[in-house]
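Visitor: Test case, fold it:
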Amino acid sequence: MNSAADACAPLLTVSGLEQSFGGVMALAGIDFQVPAGLIYAVIGPNGAGKTTLFNALCGFCQPAAGSIRLDGRELLGQPPYRIAAAGVARTFQNLQLFFNMSVRENVMVGAHLRAHTGLLAAALRLPRVRAEEDRLRAWADDALTLCDLSAWAERPAAVLPYGLMKRVEIARALAAQPRLLLLDEPAAGLNDTETLDLRELITRIRASGVTILLVEHHMPLVMSIADRLLVLDYGCVLAEGSPAVIQADPRVIAAYLGGAESCLDVE
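Guide: So this is what the prediction gives:
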């Protein structure tokens, strides 16, 4: 169990992050901290730099300048597999499932990101390989349970309703035992009931000890679940603070919503 002091300590610290594409600044000196144990949301209009930020945090693109530290460990310049091993996992807006595999097999792919045995040991089926497989399967089953997918574990991923497919992606990320979970538009394509279920799931994930960084356009979901928000606009930090602070910020209302204040309401 984390202490109150631990919960306030920054797990992720981003400093001076810069990235440009063809002369256009996608990230222009981004600075923010994500305290451990929080749900931290990143919002902003299309083209604000949210996806570029996520790609930088996961090692999918290498920023030209800046620093990305996870609990003090520098991640900038590391390949994606090392960042995943350090404790960062991510879902994607578009489904990235293996439809010819079962739900459990899909989730175990995430657990295998933390595997340590080599190819030769796996080919020879050495005892340590079998022990590790048992551990990875247990991690996958824990993730299935947390995401209410245990009853679907042996079913082909292709037969699941769309809302459950999104949950499989989250379970696969959780099977890697992350300290920081990046959720990219998890509510995209979900109906109202599925979105409410997603809100409850995200709350459970946070309660399990995982810090969450969320990119999401569904404002009622964001405002009802996030502890703090970062607002990006044209690659710059426009505002940062609690949902109440962000809802009342006239710069956010003007830049992100074009004056449509009601779009920031929770209801």
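
Visitor: Pull out the buried residues from stretch 159-174.
Guide: With burial defined by 16 or more other CB atoms under 10 Å, the residues of stretch 159-174 counted as buried are 160, 163-174. Just so you know, the C-beta spots here come from the backbone N, C-alpha and C atoms, and that holds for glycine as well.

Visitor: do the same with stretch 93-109
Guide: For stretch 93-109, the buried set under the neighbour-count rule, 16+ other CB under 10 Å, comprises Gln93, Leu97, Ser102, Val103, Arg104, Glu105, Asn106, Val107, Met108, Val109.

Visitor: Just give me the closest of those to Val252.
Guide: Gln93 (22.2 Å; CB to CB).

Visitor: Can you read off the pLDDT for Leu126?
Guide: pLDDT recorded at Leu126 is 52.

Visitor: next one: Pro45
Guide: So, for Pro45, pLDDT stands at 85.

Visitor: Helix, strand or coil: sort out it for me.
Guide: coil (DSSP: H, G, I helix; E, B strand; the rest coil).

Visitor: Adjust the sequence numbering to begin at 15 for everything that follows.
Guide: Taking 15 as the first residue, the last one we looked at is Pro59.

Visitor: neighbours around it, how many?
Guide: Using other CB atoms under 10 Å, the number of residues around Pro59 comes to 16.

Visitor: That one touches Leu252, doesn't it?
Guide: No - assessed by CB atoms under 8 Å, Pro59 is found out of contact with Leu252, at 10.0 Å.

Visitor: re earlier: can you list the buried residues of stretch 107-123 in CSV and add secondary structure and distance to Gly73?
Guide: Shown next, in CSV, are these (DSSP: H, G, I helix; E, B strand; the rest coil; distance: CB to CB, whole Å):
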residue, secondary structure, distance to Gly73
Gln107, coil, 18
Leu111, coil, 22
Ser116, strand, 29
Val117, helix, 27
Arg118, helix, 27
Glu119, helix, 25
Asn120, helix, 22
Val121, helix, 22
Met122, helix, 22
Val123, helix, 18
